[in-house]
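Peer 1: missing the sequence, but the structure's below:
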Ligand code: PEP
Ligand code: MN
């Protein structure tokens, strides 16, 4: 029996959710029919669902009919149904990602890199210069960050610079220096790879492949690193939503590489006081939505060296599983990101401070 008063739409999915069968047979989507949808229109939607290989679950309400599309199928798009006659709107129930979700893997994933584990109670710190500039600069950096307690060395050989006239990185020479630093100091290394054709080369020199913010949705690159077995540090894009970051991780996972570290590194907002806005919300949100370790980058997240320690403290308090921090022996002479790089002694102080925060939240650094 149809009445003039519409049921508030926000109530509708709940009614259906109570009736849903368990996980494998879950509704992928809910279709809300218009108030006056005819029996023929409802019938055509049901046939369309069945033709697409799904089951339809009808909830004929007093005022309108709701149809659940049953099947664990994330490829389904609301647009597949929203243009049909009599349909008011369609809503996805399942996340569009699968392998990254806690439905697939309820416990935290632990990613081990040469004996250093991410995703446990211990929070490893990755540190080093933005770019590899010279042997002396790299060795001085790794010596300092290791002394202060860093567990991995970061340093870029291929740099994604806004200007083609800025320092672009030492390329292969930089990778060779990175290997030398690892051999000398024993810290596993993280470095950025910018092109699918460089993946196998960079994988021969580094322990973790970094996908930079500007390449978060470079699907050919995600595919290429997904085919390696190297851990990947995937940085959130400058304008990417949390869901888009997880979908980028899903690309890597779906190509068979399950060792992905997600990295919040700040997003672009209307705020101009800082280079980026570090999205502290992303840390607990990512921890709820996925099982992957979450790394915080307070260097790019703020763009200012004197904000790095406070934001590192906040990130650890919010549940980060690791930190990645830029450290340079002489930031004033750095060829990239000097303004956000900590001097070695400031980094050592930062480690002490985050250690105290970690202890306060039942973790260690
Ligand atoms: C970097 O780590 O130096 C870097 C370029 O980071 P992002 O991609 O987050 O800007
Ligand atoms: Mn940098």
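Peer 2: Good, I have the coordinates. It should be emphasised that the depicted structure is a prediction, and the values quoted were computed from it without experimental measurement. Ligands and ions are numbered 1, 2, ... in the order given.
Peer 1: Every contact and neighbour count from this point should use C-alpha atoms.
Peer 2: Will do.
Peer 1: Would you confirm that residue 231 contacts residue 207?
Peer 2: Yes. Between residue 231 and residue 207 there is a contact at 7.1 Å, judged by Cα atoms under 8 Å.
Peer 1: which residues do the two both contact?
Peer 2: Overlap of the contact sets of residue 231 and residue 207 (by Cα atoms under 8 Å, 6 or more residues apart in numbering) consists of residue 113.
Peer 1: And the residue of this protein closest to ligand 1?
Peer 2: residue 212 (3.3 Å; Cα to the nearest ligand atom).
Peer 1: wait, what's in contact with the spatially closest residue to that residue that is not a sequence neighbour?
Peer 2: With sequence-adjacent residues excluded and distances taken as Cα to Cα, 6 or more residues apart in numbering, residue 212 is closest to residue 235, at 5.3 Å. Counting by Cα under 8 Å, 6+ apart, residue 235 touches 210, 211, 212, 213, 216, 245, 262, 263, 264, 265.
Peer 1: Of the residues you listed, keep whichever come out buried.
Peer 2: 210, 211, 212, 213, 216, 245, 262, 263, 264, 265 (16 or more other Cα atoms under 10 Å).
Peer 1: Could you list the contact residues of the stretch 251-365 of the chain toward ligand 1?
Peer 2: Residues of the stretch 251-365 of the chain found near ligand 1 (Cα under 6 Å from any ligand atom) are 265, 300.
Peer 1: what stretches of the stretch 251-365 of the chain score poorly on pLDDT?
Peer 2: Flagging of the stretch 251-365 of the chain using pLDDT under 70 yields an empty set of residue ranges.
Peer 1: now the strands: where do they sit in it?
Peer 2: For the stretch 251-365 of the chain, strands defined by DSSP state E, counting those that start in this stretch occupy the ranges 260-264, 294-296, 322-326.
Peer 1: Flag every buried residue along the helix or strand hosting residue 147.
Peer 2: Secondary structure assigned from DSSP states H and E places residue 147 in helix 135-148. Using 16+ other Cα under 10 Å as the burial criterion, the residues of helix 135-148 that qualify are 135, 137, 138, 139, 140, 141, 142, 143, 144, 145, 146, 148.
Peer 1: got those as CSV, with distance to residue 255 columns?
Peer 2: Supplementary listing: those in CSV, determined by distance: Cα to Cα, whole Å:
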residue, distance to residue 255
135, 36
137, 37
138, 33
139, 35
140, 38
141, 35
142, 33
143, 36
144, 37
145, 34
146, 34
148, 37
